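Asker: Here is the input, now give the coordinates:
(one chain, ligands or ions: 1)
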Amino acid sequence: QSPRILVFAGSARETSFNKRLAKLMASRIDALGGQATFIDLRDYPMPLYDGDLEDGEGLPENARRLKQLFIEHQGLAIASPEYNGFITPLLKNTIDWVSRPDGDIGGLVPYENKIAAISGASPGGLGGLRALPLVRQLLSNVGVTVLPNQLAIGGASKAFDDQGQLADEGQAKTLDAICQRLIDTLARQQG
Ligand code: FNR
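Answerer: Numbering: from 1, shown residues only. A predicted model of the protein is given here:
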């Protein structure tokens, strides 16, 4: 059975470059033999993490839904924007809420045995390259294994063609290599 991979961007913005990149990763994963589920974090609004909220009402319904979705997938593919050289509050807040226990489901269970591929896009020249080590560190801290390959796409406003494909052949090849490695690594893990 082909590995299931949950794909999302760390941006809620309608015309987000990172959503475009995440959608492309999802379609390449499907084309290369994986089974991608693209989700838009805009569809999972959650309050900023607050321990009093958690103590009072427990996890927000959307955090519980996401926790379940993570558990149902073996892999993650994430496209992260860079805000002031850092990851976005949306991405951090999402990872944080999902890392909280919910009834019988332990906090880090959604991240157990998970393997992730990461990428980023920015209209700037470096493509959000400074955020990627932080995405890597965050995921690693919750127990996710992050593949060494990554792709940061600079000049993002010109990087995608009308079909949502990467105009640059080298970037397209790198993205495929990352997606293929994720699929192959997950398939080996499944035995
Ligand atoms: C940015 N942006 C940005 N870009 C970058 O390459 N390095 C940076 O450090 C920052 N810092 C930053 C801070 C804040 C608060 C915002 C709102 C934006 C620009 C950012 O890359 C741009 O808005 C992207 O379009 C955001 O990603 P999405 O939403 O297109 O996926």
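Asker: how about the residue most central in space within the chain, secondary structure?
Answerer: What sits nearest the mean C-alpha location of the chain, by C-alpha atoms, centre = their mean, is residue 78, with 2.1 Å. Reduced to three states with DSSP: H, G, I helix; E, B strand; the rest coil, the structure at residue 78 is strand.
Asker: mind showing which ranges of this structure have poor pLDDT?
Answerer: Within the chain, no range satisfies pLDDT under 70.
Asker: For it, list the residue farthest from the centre, please.
Answerer: residue 56 (29.0 Å).
Asker: and that one, backbone torsions?
Answerer: Backbone torsions of residue 56, given as degrees, to the nearest 10, read phi -80, psi -60.
Asker: The ligand contacts on the protein?
Answerer: 9, 11, 13, 16-18, 81-85, 122-124, 126, 128 (C-beta under 6 Å from any ligand atom). C-beta here means a position set from N, CA and C on the backbone, and glycine is covered the same way.
Asker: show me the contacts for the residue farthest from the centre of the chain.
Answerer: Listed by C-beta atoms under 8 Å, 6 or more residues apart in numbering, residue 56 has no contact partners.
Asker: The closest residue to residue 152 other than its chain neighbours - how many residues pack around it?
Answerer: In space, and not counting its chain neighbours, residue 152 is closest to residue 127: 3.3 Å by C-beta to C-beta, 6 or more residues apart in numbering. Residues near residue 127, counting by other C-beta atoms under 10 Å, number 24.
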